[in-house]
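**Student:** 3D, please:
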Amino acid sequence: MALMRGTMASPPSTASAPPGQKSVWTSITRSACMGGSPSTGLPSWGRRRQRSGQARGDPTRRVSPNGANQGSRTAKESVMHQDEIPVSTALAARLVDRGMPQWAGQPVRPLAATGTDNWMFRLGGDKVLRLPRRPSAVMQLRREWDWLPHLRGLPLAVPEPLALGEPDDGYPHPWMVLSWLPGETLHARPPANTMASAEALGNFLTALRDLSGEGGPIAGSTNHNRGVPLTGINVATRQAIGDIARQYPVATLMALWDDALAAPSWSGAPLWVHGDLSPTNLLCTGGRLSSVIDFGLIARGDPAVDLTPAWSVFDGAARSAFLSRAGIDAATIRRGKGWALYGAVINLAYYGDNHPTLSRQAHHVLDVLMDDA
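**Tutor:** Residues are numbered from 1 along each chain as shown. All right, here's what the predicted structure looks like:
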């Protein structure tokens, strides 16, 4: 499917979708669902471990979320990536007016916070406008465009791709319009009904894995390696652990990682994985989980990568309920812990405190993993 001005969405072809890059919807930082506490099955955010009173993050060395060394950056920089392109509300509105005449004149409003790979704006009352903020985020548009229609009918709502826009008015990348899903992200507070939410997410992952994978992309470098064998991210994980040594005991984190590596690898057929089930990509309405967003890393691979909510979102009985539905077996759960560790240390090593939401989530996950060790 070519990138055409105002192209409307259609089902994916049977051919493999083009390579994609991470599309983080962390910019949809709406106020979180009310209710919940550690006693109701989900932990509260913000509990952190500080080491020797030293500052968090090493501003002189960064490892990107896909494991690449990004060179030096200061912790005070507001720019997340050295190659990103700024997008104003006025520019976003002009792109819509010029490229999507069916929606020309509808209000364009920036969302409360920016994502790591995309600028996000609400278009009218029922749409989301997403513009890649750097070149490496462009390919994810095609991946979601091709495969989101394949996910219709899953037990939780997913975004619907509506149209693709062309580069214009000095903005060099294609961009996309998707349906707006109501709800609040889980990044700040949990939903009131934690057990139902845990069961719903477990059932969602089971249904996702059961979808036909014919022609679907295989996990690898084109989706930031989400769903590859843990050996494929071993070097990056160990480097990131070393980079945050001033905050956490290296020996403890290395032991957690070694245990995950020692778990039997996935020997079944590659299954569909979301690849980025952070709390910011889960929405709740009416006190329970209702939607899953940001499928820029979707691929077929090891399902362990999608177990990270067990340690980033759920606790106690809710964690057990989630894993009983989505965990598959003990080896997959051990590898899932490894993926949770990987995501936390990579984000802390790369973003430091430049992205407060990701920083809080990463500290929380490491606290949980260390407490369970």
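
**Student:** For the rest of this, base every contact and every neighbour count on C-alpha atoms.
**Tutor:** OK.

**Student:** And the strands in the protein?
**Tutor:** Remark: strands assigned in the chain by DSSP state E are 7-8, 62-63, 69-71, 108-110, 118-123, 127-132, 161-165, 175-179, 184-185, 271-273, 282-285, 288-292, 299-301.

**Student:** quick one: low-confidence ranges for the stretch 151-300 of the chain?
**Tutor:** Low-confidence segments of the stretch 151-300 of the chain, defined by pLDDT under 70, are located at 188-189.

**Student:** Turn the strands of the chain into a markdown table, including distance to residue 316 and mean neighbour count.
**Tutor:** Converted to a markdown table, the strands of the chain look like this (distance: least, CA to CA, whole Å; neighbours: other CA atoms under 10 Å):
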| stretch | distance to residue 316 | mean neighbour count |
| --- | --- | --- |
| strand 7-8 | 44 | 15 |
| strand 62-63 | 32 | 24 |
| strand 69-71 | 36 | 14 |
| strand 108-110 | 37 | 19 |
| strand 118-123 | 34 | 25 |
| strand 127-132 | 35 | 25 |
| strand 161-165 | 36 | 22 |
| strand 175-179 | 34 | 22 |
| strand 184-185 | 21 | 29 |
| strand 271-273 | 24 | 25 |
| strand 282-285 | 19 | 23 |
| strand 288-292 | 17 | 24 |
| strand 299-301 | 28 | 27 |
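
**Student:** Out of these, which gets nearest to residue 315?
**Tutor:** Using CA to CA as the measure, strand 288-292 is the one of the strands of the chain that comes nearest residue 315, at 15.2 Å.

**Student:** Kindly reformat the strands of the chain as a markdown table containing distance to residue 335.
**Tutor:** Formatted as a markdown table, those follow (distance: least, CA to CA, whole Å):
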| stretch | distance to residue 335 |
| --- | --- |
| strand 7-8 | 39 |
| strand 62-63 | 21 |
| strand 69-71 | 24 |
| strand 108-110 | 37 |
| strand 118-123 | 29 |
| strand 127-132 | 31 |
| strand 161-165 | 32 |
| strand 175-179 | 33 |
| strand 184-185 | 26 |
| strand 271-273 | 14 |
| strand 282-285 | 22 |
| strand 288-292 | 22 |
| strand 299-301 | 13 |
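
**Student:** Select, out of the ones you listed, the one closest to residue 153.
**Tutor:** Among the strands of the chain, strand 288-292 comes nearest to residue 153, with 12.2 Å by CA to CA.

**Student:** distance of residue 247 from residue 348?
**Tutor:** For residue 247, the distance to residue 348 equals 10 Å [CA to CA, to the nearest Å].

**Student:** An error on my part: the question was meant for residue 301.
**Tutor:** Plainly put, residue 301 is 25 Å away from residue 348 if you go by CA to CA.
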